[in-house]
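>>> here are the coordinates; sequence isn't available:
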């Protein structure tokens, strides 16, 4: 019997770097520049005239093709979905969004608040949600290290 679970995950952090340094990294094709779990991230050439599709290869051999669904340089967010996976995923779909906000006051003024959410189809189990939680935490920690170097 499966354990009932939420099919959403949201992880966030404050990165001690200006918004411009963090936002500059948030391009699907550049995720391997900061995320240590990724071996490579590159555009899939000729896949679509109407959408950006990026191929991610993880260090463990997992491969994902992710499609950029939305991108806003004004509101500093990107939304993407997984369209193919090797090995095949155990759930039908996931839509993820990364949002960045400038911290404008207080002791962390000049930093960036970042939030990475994922909304999974109802067939995702508790293991999928937990895995997504820890992958996002690890990626955000990696991003903080990279952004701080700028």
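Received, thanks. Bear in mind that the values here come from a model prediction, so they are computed numbers and not experimental data. Residues are numbered from 1 along each chain as shown.

>>> tell me the contacts of residue 30?
Shown in contact with residue 30 (Cβ atoms under 8 Å, 6 or more residues apart in numbering): residue 41. For the C-beta atoms, the positions are set from N, CA and C on the backbone; glycine is no exception.

>>> Just give the closest residue to residue 102, not the sequence neighbours.
residue 19 (4.2 Å; Cβ to Cβ, 6 or more residues apart in numbering).

>>> same thing with residue 7?
Spatial nearest neighbour of residue 7, excluding adjacent residues (Cβ to Cβ, 6+ apart): residue 120 at 4.3 Å.

>>> didn't that neighbour look like it was pressed against residue 5?
No: between residue 120 and residue 5 there is no contact under Cβ atoms under 8 Å: 9.4 Å.

>>> more crowded one of the two?
Shown here are residue 120 and residue 5; by other Cβ atoms under 10 Å, residue 120 has more neighbours (22 against 15).

>>> For that one, give me phi and psi.
Taking degrees, to the nearest 10, you get phi -100, psi 160 for the backbone angles of residue 120.

>>> Over to residue 95?
According to degrees, to the nearest 10, residue 95 has phi -120, psi 120.

>>> separation between it and residue 66?
Look at residue 95 and residue 66: by Cβ to Cβ, to the nearest Å, they are 11 Å apart.

>>> Looking at the two, which one has more neighbours?
Per other Cβ under 10 Å, whichever of residue 95 and residue 66 has more neighbours is residue 66, with 23 against 16.
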